[in-house]
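Trainee: everything below, folded, please.
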Amino acid sequence: MRWFLAAVLAFPLFAQSTFEEKVTVTFVEVPVTVIGRDGAAVRGLTKANFEIYDDAEKRAIETFDSIDFASRETLTTISPLNPASRRNFLLLFDLSFSNPSSIGRAQEAARNFIARSIGVRDLVAVGVVEVNRGFRLLTAFTTDRALLTAAISNPRTFRSGDPLQISGTNPVQQNELVDAGATSGEKGATGLENLMDMQRNVTKMDDAYQRERVKTQVELLGQIARSLQKLAGRKHLVLLSEGFDPRLVQGRAAGEMRDQWEENFAVERGETWKVDSERRFGDAASQTSIRLMADEFRRADVVLHAVDIRGLRVQNTVQQGATLNTNEGLFLLAKPTGGTVFRNSNDITADFDRLTKQHEVVYVLGFHAPIGKAGQFHELKVKLVNVSGARVQYRGGYYDAGGESGIERTLTTAEVIVNDIPQTDIDVAALVTPFPREGKAQVPVVLEISGPDLVKYAKNNIATTDIFVYAFDAEGIARDTVYQRVVLDVTKAGEVLRGSGIRFYATLELPPGKYAVKNLVRIAESDRKGYQRVDVDVPQAGDVALGRPLFFEDSSQQWVMVRAASDGNVPYPFVLGGETFIPAARATLRKGEPRLFTVFVYNADPDELTWEIAPAAKLVSETAGEAVTKYVFALERVPPNVTELGVTIRKKGSKDARTVSVPITVR
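Mentor: Okay, here's the model as predicted:
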């Protein structure tokens, strides 16, 4: 074993016409939702039920898929890598236009939504918006329900301990939500004229202040939509709010007869200064802000749904008698994005259920379109054919790729991990194998990270390498995580890096079950990434289990060895005959040379086992322990074109088998 210590500091297609003129085209996919009169998703539609227009030009629909999130059978036929196979929900708590009791009801409903309404593939994020503090994303889009529940419990002060905000492991939480923004109401008028004039001025100034708060929130919502443009697939922003006073934007409501009478009387007397035109006709600047906000939502393929967390509203109070108590402000925000307002209900959980029912079915329409100027926006329109009584929701348009435009889609690190998006800039090989024991199993992770790639994408001879390891269970909850930052000085470690790279070792602790262990390596200076996912089954303690074949390291290679700082005093598990060894993450064989590997078998008497190994291997040694027997085999002659080593064990006379396999490469 040789150690080296380093200084630790849309797709274009090309077609030709008959005139040999080259035309560059791109493939565009448009997720579409169709909602019926009953508020539920419309099922059973075909390609013939849709027409799609790109900048007013009709396009032929070349591909058509129907995804039913309520059907397990449908979801098993759709690749998890297809962004359309996931729904993305951002739960946004409005802390400026909601009172604390309403926020409490929204928290309870959001917890129920996480617990019972979302599917395994659904991605959910939690955020807060506050006029005085802006927008803050509490979690990234994730499947980790534990993290989401923790964020919902403390929307004002929650802080995640995970740098990517996709795991609930060791979250940092502070105090409970203690207050929220408040809206101001009108003061009663006195009977004296001078006091009435003073009251008008105070009301006008208060309206101007509140109007500015509304404008700020609208602009923040537009910025949120713009930031979500990078996320693949359809996005649903669910605003949990009581809403703002709509007259600040659209002017006096038709039912406010007293205000209208007073203004008419003032005009007749020539006292035009008593007439507030913005209060009467609305604020043009605020209306423009809402229109621009809606444009951002349409372009980013985001739909804003609003849930009125005030609950059932009444139009009469003991103190004020008849009063205008409206949630029209929520309609002003949601309607231009194609979203729905859920209102007049004290059961907010039922509102969430109706929301998910509306979007259980997604139709994905695909077409080819010519590429224009990089960053140019193309407006889309989808029409229904022979479908009555339904409305359609779809993305508002798409951008041409290319160039260095800031609107080009760049994948976030969190999105790569959650959506299993391949990343090949940095070559990464991963080995993950469980060591069963009582309680949680020890699950070591070995990553081999290409040194030439690290050197290639370093800047100023520095490669700041972030290493992320997440173990997600079958429910999408991250049961253990590891994060390590390694700063490499290429001038000192360059020779070893160019010959091999980094070998990283970390330990996970996982209860029995099936896991997706996701490993991502990122160079901070250049944002280049490498990604590997390994599916692993952690057996119960005491069960007969077969470990994966472990190839001994190639002694001719030197590596920069890095062990996760979080390992602490965790014992090193790769021990054979009293000696430690380092397993190779990638099994590479030289043609004609034998290669040794070891297999650990748990809770099985060696005399009771039969073996099947392909390609054939020779048993070299056998070491029996209390609960594990360790075998060493030699691969001597590997037939051409063999790319996998498979090992199967059975108890004699039994059909019950344990099988594992690993990829191998012969050079």
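Trainee: for stretch 657-667, which positions count as buried?
Mentor: Applying a neighbour-count criterion of 16 or more other Cβ atoms under 10 Å, one finds 658, 660, 662, 664, 666 buried in stretch 657-667. C-betas here are computed from N, CA, C, even on glycine.
Trainee: what's the lowest-pLDDT member of those residues?
Mentor: pLDDT across the buried residues of stretch 657-667 is lowest for Val666, at 84.
Trainee: pull the number of nearby residues for the residue lying closest to that one once chain neighbours are set aside.
Mentor: Spatial nearest neighbour of Val666, excluding adjacent residues (Cβ to Cβ, 6 or more residues apart in numbering): Leu589 at 4.9 Å. By the measure other Cβ atoms under 10 Å, the count of residues near Leu589 is 18.
Trainee: same check on Leu619?
Mentor: Leu619 has 11 nearby residues by other Cβ under 10 Å.
Trainee: element containing the closest residue to it other than its chain neighbours?
Mentor: Distances taken as Cβ to Cβ, 6+ apart place Phe633 nearest to Leu619, at 5.8 Å, with adjacent residues excluded. Element membership for Phe633 (DSSP states H and E) is strand 628-635.
Trainee: adjacent strands (with direction) for that strand?
Mentor: According to DSSP bridges, strand 628-635 forms sheet pairs with strand 595-602 (antiparallel), strand 618-624 (antiparallel).
Trainee: need the winner for burial among these.
Mentor: Across the strands paired with strand 628-635, averaging neighbours per residue (mean count of other Cβ atoms under 10 Å) puts strand 595-602 on top, at a mean of 21.
Trainee: name the residues that touch that strand?
Mentor: Residues outside strand 595-602 that contact it (Cβ atoms under 8 Å, 6 or more residues apart in numbering): 435-436, 539, 543-552, 576, 587, 589, 609, 617, 620, 627-635, 645, 647, 649.
Trainee: so the residue nearest to Val666 makes contact with Leu645?
Mentor: No - Leu589 lies out of contact with Leu645 (Cβ atoms under 8 Å); the separation is 9.5 Å.
Trainee: and for those two, which residues touch both?
Mentor: Jointly contacting Leu589 and Leu645 under the rule Cβ under 8 Å, 6+ apart are 635, 664.
Trainee: picking that back up, and the angle for the very next helix or strand once past the strand holding Phe633 with strand 595-602?
Mentor: Going down the chain from strand 628-635, the next helix or strand is strand 644-651, by DSSP H and E. Angle, strand 644-651 to strand 595-602, by axes from the mean of the first three to the mean of the last three Cα atoms, to 10 degrees: 30 degrees.
Trainee: contacts for the helix or strand following strand 644-651 next, please.
Mentor: With elements assigned by DSSP H and E, the helix or strand that comes after strand 644-651 is strand 657-666. The list of residues contacting strand 657-666 from outside it, by Cβ under 8 Å, 6+ apart, reads 544-549, 586-591, 638, 640, 642-650.
Trainee: got the angle between strand 657-666 and strand 628-635?
Mentor: Per the same axes, to 10 degrees, the angle that strand 657-666 makes with strand 628-635 is 40 degrees.
Trainee: list the pairing partners of strand 657-666 within its sheet, with orientation.
Mentor: strand 587-589 (parallel), strand 644-651 (antiparallel).
Trainee: in JSON lines: the ones you listed, plus mean pLDDT and distance to Glu219.
Mentor: Below are the strands paired with strand 657-666 laid out as JSON lines (pLDDT from 0 to 100; distance: least, Cβ to Cβ, whole Å):
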{"stretch": "strand 587-589", "mean pLDDT": "86", "distance to Glu219": "55"}
{"stretch": "strand 644-651", "mean pLDDT": "93", "distance to Glu219": "56"}
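Trainee: now for the ones you listed, which one comes closest to Ala516?
Mentor: strand 644-651 (20.5 Å; Cβ to Cβ).
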